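Visitor: Build me a model from this:
(one chain, ligands or ions: 2)
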Amino acid sequence: MFEANLTLISVTSMRAMQRPPLVDRYGRVHRYLRVALTDRCNFRCRYCMPLEGVAWQAKAEILTLEELEVLVRLFARLGIDKVRLTGGEPTVRRGYEGLVKALAAIPEIRTLAMTTNGWTLAESAGTLRRHGLSLVNVSMDSLDPERFRAITVRGELDRVLTGIESALGAGLEVKINCVVMRGVNEDEIIRFVEHFADCDVTVRFIEFMPFEGNRWDRADIYPYAAMRRDLEARFRLEPLETDPSAVGKDFRIEGCRCRVGFVTSMTEHFCDGCDRLRITSDGYLKTCLFGREEVSLRDLVRSGETAEVLEEAIRRALERKWKGHPDLATLPQLPNRSMIQIGG
Ligand code: SAM
Ligand code: SF4
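Guide: Ligands and ions are numbered 1, 2, ... in the order given. Okay, here's the model as predicted:
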């Protein structure tokens, strides 16, 4: 019966004409969908994984890869042209490489990206590139093996560095995601640039954000202004033109091949240009990373609803999207899931 529901939605979608784009009350057109493949992870990063652990989602709650593909096809019809696979750790989801191939083949999807801890990248980069992945963000918060281990609990720096080399060798665009925390790794910002100076990568320094159970403290944020000040004491930064919807402020660095970017969600939010939607691994649509309001697309798909009903639910959720996320004083008090459940 379930198969039949999926077929129904696919057929309806194929017959339908291209639909109007997904625009919210503030005129923001949504083109970017982030999809969490799982809430599981082989690392235990301290800033991400709740200390007391998480109640893992049951297998039946998690979207099947077929359901995910159906949803992405529907979103593609609604104007989504960039999709990012994330999680949890997307590469621990069995069959994710096949999903990459299927999604890359959707004509409307121009960019297919993945955010990963890089653990399996050395073996999989070539296949992923051949399957149509264009961009990979690899998380790396320290270049010191012991500190890397202390932050990730289960990670190994060398293995991730090899993964990054393989990704570059395979022709993938590579960004390095580094969450900067005061008293943990803020002293490595310059070292990161020096390490990747000759590589065609963007190193993105991310401000530490609050999520359920992640021991966030406002005092642990190492703000954008401080990161920039530190870098500019050593390098000359030239702003790069970026898309108005980009989360990062990107810069070229004089004398280096690598670029740097800053994700300043805490001190300079970029909600005005937000074009992102998220699907959690259990199939809920989230219109904001920090918003608790969610709509279960999974239940609609599983109850055999048509593409039109799904579209209506998506548009109604988008109408309720807030203009910007609350300020730093309010944000940590709002109920939200952990990052691993939302999909970063
Ligand atoms: N497991 C993959 C990884 O680590 O790249 C994908 C999921 S992870 C949740 C996505 C991104 O969110 C990672 O780059 C991670 O560093 C970032 N992240 C997780 N918790 C965060 C937090 N509290 N503040 C800022 N970034 C965070
Ligand atoms: Fe896992 Fe990524 Fe979270 Fe680290 S940041 S615990 S690798 S999901």
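Visitor: so which strand or helix has the residue in the stretch 201-344 of the chain positioned nearest to ligand 2?
Guide: Per Cβ to the nearest ligand atom, residue 340 is where the stretch 201-344 of the chain lies closest to ligand 2, at 4.9 Å. The way it works is simple: take the backbone N, C-alpha and C, and place the C-beta from them, glycine included. For residue 340, the enclosing helix or strand under DSSP states H and E is helix 339-342.
Visitor: right, quick check: that helix against ligand 1, any contact?
Guide: Yes. Looking at helix 339-342 against ligand 1 by Cβ under 6 Å from any ligand atom, the contacts come from 339-340.
Visitor: For that helix, what is the distance to the chain centroid?
Guide: In terms of Cα atoms, centre = their mean, to the nearest Å, the centre of helix 339-342 is found 10 Å from the chain centre.
Visitor: what's around the residue of the stretch 201-344 of the chain closest to ligand 2, how many residues?
Guide: 28 (other Cβ atoms under 10 Å).
Visitor: Quick check: residue 285 is in a strand.
Guide: Yes. Secondary structure of residue 285 (DSSP: H, G, I helix; E, B strand; the rest coil): part of a strand.
Visitor: Going forward, count from 276.
Guide: Taking 276 as the first residue, the last one we looked at is residue 560.
Visitor: quick one: the closest residue to it other than its chain neighbours from residue 408, how far?
Guide: The spatial neighbour of residue 560 that comes closest, neighbours along the chain excluded (Cβ to Cβ, 6 or more residues apart in numbering), is residue 570 at 4.7 Å. According to Cβ to Cβ, to the nearest Å, residue 570 stands 28 Å off from residue 408.
Visitor: More neighbours: which of these two?
Guide: Shown here are residue 570 and residue 408; by other Cβ under 10 Å, residue 408 has more neighbours (25 against 19).
Visitor: contacting residues for the more buried one?
Guide: Residues near residue 408 by Cβ atoms under 8 Å, 6 or more residues apart in numbering: 375, 379, 387-389, 447.
Visitor: Where do the helices of the stretch 326-475 of the chain begin and end?
Guide: 340-352, 371-379, 396-406, 420-427, 432-444, 464-471 (DSSP state H, counting those that start in this stretch).
Visitor: residues of the fourth one that come out buried?
Guide: Residues 422-423, 426-427 are the ones in helix 420-427 that count as buried (16 or more other Cβ atoms under 10 Å).
Visitor: Which one of those is nearest to ligand 1?
Guide: Ranked by distance to ligand 1 (Cβ to the nearest ligand atom), those are led by residue 427 at 8.6 Å.
Visitor: wait, doesn't the closest one sit right on residue 316?
Guide: No. The criterion here is Cβ atoms under 8 Å, and residue 427 misses it with residue 316 at 9.8 Å.
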